[in-house]
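J.: what follows is a predicted protein model with its sequence.
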Amino acid sequence: MDAPSTPIPSGIEGALDVTPQTRPRATYLEVLHDWIVTVDHKKIGLLYIGFALIFMVVAGLEAMAIRIQLAVPHNSFLDARSYNRMFTMHGTTMVFLVGMPILFGFGNYLVPLMIGARDMAFPRLNAFSFWVSAFAGIFLYFSFIGGLGLAGAGTAPDIAWFAYAPLTERPFSPGHNVDYWALALLASGIGSIGTAINILATVFCMRCPGMTLSRIPLLAWIYATVSFLVLVAVSPLTAAQVMLLIDRYLGGHFFDTQAGGSAILWAHFFWIFGHPEVYVLVLPAFGFANEIIPVFSRKAIFGYPAMVAATVGIAFISLGVWAHHMFTIGMTSFGNTFFTLSTMLVSIPTGIKTFNWLATMWGGKLRFATPMLFSVGFLFQWVIAGLTGIMLSVSPWNWQLHNSYFVVAHFHYVLVGAILFMIFAAFYYWYPKMTGRMLSERLGKWHFWLMIVGFHLTFDVMHIPGLLGMPRQIYTYEPDRGWTLLNQIVTFGAVIQAVAMAIFVYNLVHSYFAGKAAGPDPWDAWTLEWSTPSPPPAYNFPVDPVVASRRPLWDLKHPEDPDSAFE
């Protein structure tokens, strides 16, 4: 990663003047070899993103199979066991093979560029973490063809994504389906922990001159916080997978209730991971909003210190709310009260963030390009997801709706309505930087409006059968329950979302080859990644940038702006 030999002006101006070196055209084998052995954070970030997009399509097909099965009573599209396998693999894939890898991909790509670094702190650890995560996904999906082959759904796991004991113990699952699940998540956890260590070291040790902690972009702050959460929350899940494998192969009885073990112990271990994991996924979405909303409002982010404090507050509070998933297990009244109050408490820092985004937009010169459209959709849907979350935090209400489709609707409001919408916003915003090409605005708006319509048809309506008592893990139902029309509307909404996803994938591929040239800074933004060519060269910056405020590129381009020295 040697810098060019030609003289380069110092500071950010030097970065703006850089043009990438021309090199002889590589053969396909050389390109493939380069991507396999790369330690460049940008290529590893793109590998994470491509890996996650493939599994997003797979998980979407699994979701469509679930919705087709539930569209009419007594349907036989899937049998009970195949349905359970689709249910398990969809949830596991979306959380572990889509959500975390795609957010780690954006973090890998953007964090070093945003803080003025040449690469991640540990490039080889970075590559190792990706390939371990990729192995985990391939190994998990090998379960479809492992063991008994393709009969039904092979030997894919059928224990739901939370794998409650004692269903995972050998008397109930004597084959290898649970082993695929446990070993894949064990490997995935190792990759996630490696990436978290790398991001923390990069943010705190690799910043360019002048970039103090009070000046780093909010997205970098958020990725540092998320990495801390990963270290604290993923480690118990990794330990639980080891304990589960000991139960299954070495005669342990940690979770084997027939031999004196505790199924509740597994629930505690899983949800100590599971609820912070929601914030591991949603905090980067907040970070994308922190970068996109100000640029398209033409205003600096409102309340930078409060946003940093709210991020850290969410992380700490989220570590103490896990047992609101366990109200129906039978905790004491003190336990129910504590976890009800701690769950409600997390709404305070998240409310601060929501009001600060609205304050940033208020009075701004709003531009409703596709990234901003998805950000506005995220704001609206995140508020609704938060309100239903507060409802479920009340233990008597939770007792009535636990394990119903109301909970599924709430969870997908967070995962799709908030996280996925901001992932789409991030794609439309940073795709020009990653590829040098603009995504189509026309196709982007089609994508947005179809997603909005399909999302609300699916997940707004899904709350209603939950209120009417529809459990979340049934593969069929009786026609006299009053759920049929509601399920058909939900399935129709899922079809519309599938069409929107097809447009998105087409836009990604078509724009890569035929999109409009982006230039280094198509959005007139102000963070350091936009000071590099699009896509950036291997070395990122020929000289270390020197910054003097939170908006270094904006200060350089607009010295007359009275807000340019904003601190």
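T.: Sure thing, it's come through. Residues are numbered from 1 along each chain as shown.

J.: please make it C-alpha for all contacts and neighbour counts, starting now.
T.: Fine.

J.: longest helix in this protein, please.
T.: Scanning the chain for the helix with the most residues, using DSSP state H, yields helix 263-297.

J.: tell me what that one is packed against?
T.: helix 100-114, helix 218-249, helix 304-318, helix 347-361, helix 370-393, helix 421-435 (3 or more CA pairs under 8 Å, 6 or more residues apart in numbering; DSSP states H and E).

J.: which parts of the helix or strand just after the first one are buried?
T.: The C-terminal neighbour of helix 100-114 among helices and strands, as given by DSSP states H and E, is helix 123-142. Applying a neighbour-count criterion of 16 or more other CA atoms under 10 Å, one finds 123, 125-137, 139-142 buried in helix 123-142.

J.: and if you look at stretch 323-339?
T.: For stretch 323-339, the neighbour count (16+ other CA under 10 Å) marks 323-328, 336-339 as buried.

J.: pLDDT below threshold where in the stretch 51-200 of the chain?
T.: 147-154 (pLDDT under 70).

J.: typed the wrong thing, it's the chain
T.: Counting by pLDDT under 70, the chain contains low-confidence ranges at 1-24, 147-154, 560-567.

J.: now do 50
T.: Residue ranges of the chain with pLDDT under 50: 1-10, 15, 17-21, 149-152, 562, 564-567.

J.: how close does the spatially most central residue of it sit to Asn398?
T.: Centroid check for the chain by CA atoms, centre = their mean gives Gly99 as the closest residue, at 3.3 Å. Separation of Gly99 from Asn398 (CA to CA, to the nearest Å) stands at 26 Å.

J.: repeat that for Met331.
T.: As defined by CA to CA, Met331 lies at a distance of 13 Å from Asn398.

J.: same thing with Ser227?
T.: Distance from Ser227 to Asn398, by CA to CA: 30 Å.

J.: out of those two, which sits in the busier spot?
T.: Ser227 (23 against 19; other CA atoms under 10 Å).

J.: in contact with the more buried one, which residues?
T.: Contact analysis of Ser227 by CA atoms under 8 Å, 6 or more residues apart in numbering lists 193, 195-197, 199-200, 280.

J.: format the residues you listed as JSON lines; extra columns: distance to Tyr249.
T.: Conversion of those to JSON lines gives the following (distance: CA to CA, whole Å):
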{"residue": "Ile193", "distance to Tyr249": "25"}
{"residue": "Thr195", "distance to Tyr249": "30"}
{"residue": "Ala196", "distance to Tyr249": "30"}
{"residue": "Ile197", "distance to Tyr249": "31"}
{"residue": "Ile199", "distance to Tyr249": "35"}
{"residue": "Leu200", "distance to Tyr249": "36"}
{"residue": "Val280", "distance to Tyr249": "32"}
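
J.: inside helices: which ones of those?
T.: Among the contacts of Ser227, the residues falling in helices (DSSP H) are 193, 195-197, 199-200, 280.

J.: number of nearby residues for Pro209?
T.: So Pro209, with other CA under 10 Å, has 15 neighbours.

J.: in a strand, it, correct?
T.: No. Secondary structure of Pro209 (DSSP: H, G, I helix; E, B strand; the rest coil): coil, not part of a strand.

J.: any idea how far Gly363 is from it?
T.: Distance from Pro209 to Gly363, by CA to CA: 33 Å.
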